[in-house]
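K.L.:
Sequence first, predicted model second:
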Amino acid sequence: MMKKPFVAGNWKMNTDSHTSVRLADDIAAGCSQTAGRSFEVAVIPPFVYLQAVVRTLSASSIAVGAQDIYFEQKGAFTGEISAAMLKDVGCVYVLCGHSERRHILGETDRMVNRKVQAAISGGLLPIVCVGELLEERKAVQTDQVVKRQIKNGLDGLNDEKISAVTIAYEPVWAIGTGLTATPQQAQEVHALIRQMLAEMYDNQAAKEMRILYGGSVQPDNTAGLMAQQDIDGLLVGGASLKADDFLKIIQEAI
Ligand code: PGA
């Protein structure tokens, strides 16, 4: 059975109280015209606009996700947000280990793993992001880096827990740069991830897991990426901030 294509829009540190709601509304209106097609869409706004966006999308089938989570349940962790809080305001998904958090904010594989565990325990669906830096690709270390991030990031998850996880392969050199991995480059890494999952988990679970591609996804490169066997959807940054572009990407992906 073909998996439902999954397109998620990561708004990063963009929008405001007005434009976040407007963007969500425009995306919902566009998606409602795609009735009858089987696909899944999520938007991932900044924390402070989550509730407003959840309210705006309440009559639609678009899910809402958060951009990060903290792994402790509650207490003296100034500035952090727990799984229970995200669940409480209506989040379904949460990004764990986005490259901007790994490379700008110093998140380690161990922290990413604790976030993934906390998300699943709290009833959220983590989207675990992995991907190599440009110097790592040039040094032919892509496989090694991605393998380490997958192995450590998913450490301790059993066959049941892994079914909550979506993986996003986002080569860091392709994020926000206008450089996209070619469909072949992306497929090679997606196939590697799928093979790793099959070794770590039940074969069927590995087949069913969704592996998204992210990194300068645009309407005109979507079809080529989605035609690859192991690309099950897309994690879109910049182009998800324009409703028209995001809707075109959804159309191309389904
Ligand atoms: P981009 O971002 O589409 O702007 O490259 C992708 C991401 O970081 O998820």
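P.N.:
Noted; the coordinates are in hand.
K.L.:
how much space between the residue in the chain that the ligand sits nearest to and residue 99?
P.N.:
The ligand sits closest to residue 237 of the chain, with a gap of 2.1 Å, by CB to the nearest ligand atom. (Each C-beta comes from the backbone N, C-alpha and C, glycine too.) For residue 237, the distance to residue 99 (CB to CB, to the nearest Å) stands at 10 Å.
K.L.:
Among these two, which residue is more densely surrounded?
P.N.:
Between residue 237 and residue 99, counted using other CB atoms under 10 Å, residue 99 has the larger neighbour count: 24 against 21.
K.L.:
What sits closest to that one if chain neighbours are left out?
P.N.:
residue 172 (4.7 Å; CB to CB, 6 or more residues apart in numbering).
K.L.:
Which parts of this protein are strands?
P.N.:
Taking DSSP state E, the strands of the chain run over residues 6-10, 40-44, 63-66, 93-96, 125-130, 166-169, 210-214, 233-236.
K.L.:
ok now the first one, how far from the chain's centre?
P.N.:
Read it as strand 6-10. What separates the centre of strand 6-10 from the centre of its chain is 6 Å, taken as CA atoms, centre = their mean, to the nearest Å.
K.L.:
go on, the longest one?
P.N.:
Distance, stretch centre to chain centre, for strand 125-130: 6 Å (CA atoms, centre = their mean).
K.L.:
Just the C-alphas of it, formatted as PDB.
P.N.:
What follows is strand 125-130, C-alpha atoms only, in PDB (Å, rounded to 0.1, in the frame of the first residue of the first chain):
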ATOM      1  CA  LEU A 125       4.600  12.300  17.300                       C
ATOM      2  CA  PRO A 126       8.200  13.300  16.900                       C
ATOM      3  CA  ILE A 127       9.700  14.300  13.600                       C
ATOM      4  CA  VAL A 128      13.400  13.500  14.100                       C
ATOM      5  CA  CYS A 129      15.700  15.600  11.900                       C
ATOM      6  CA  VAL A 130      19.100  14.300  10.700                       C
END
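K.L.:
check contacts around the closest residue to residue 51 other than its chain neighbours.
P.N.:
Closest residue to residue 51 apart from its sequence neighbours, by CB to CB, 6+ apart: residue 89 at 4.9 Å. Neighbour list for residue 89: 50-51, 54 [criterion: CB atoms under 8 Å, 6 or more residues apart in numbering].
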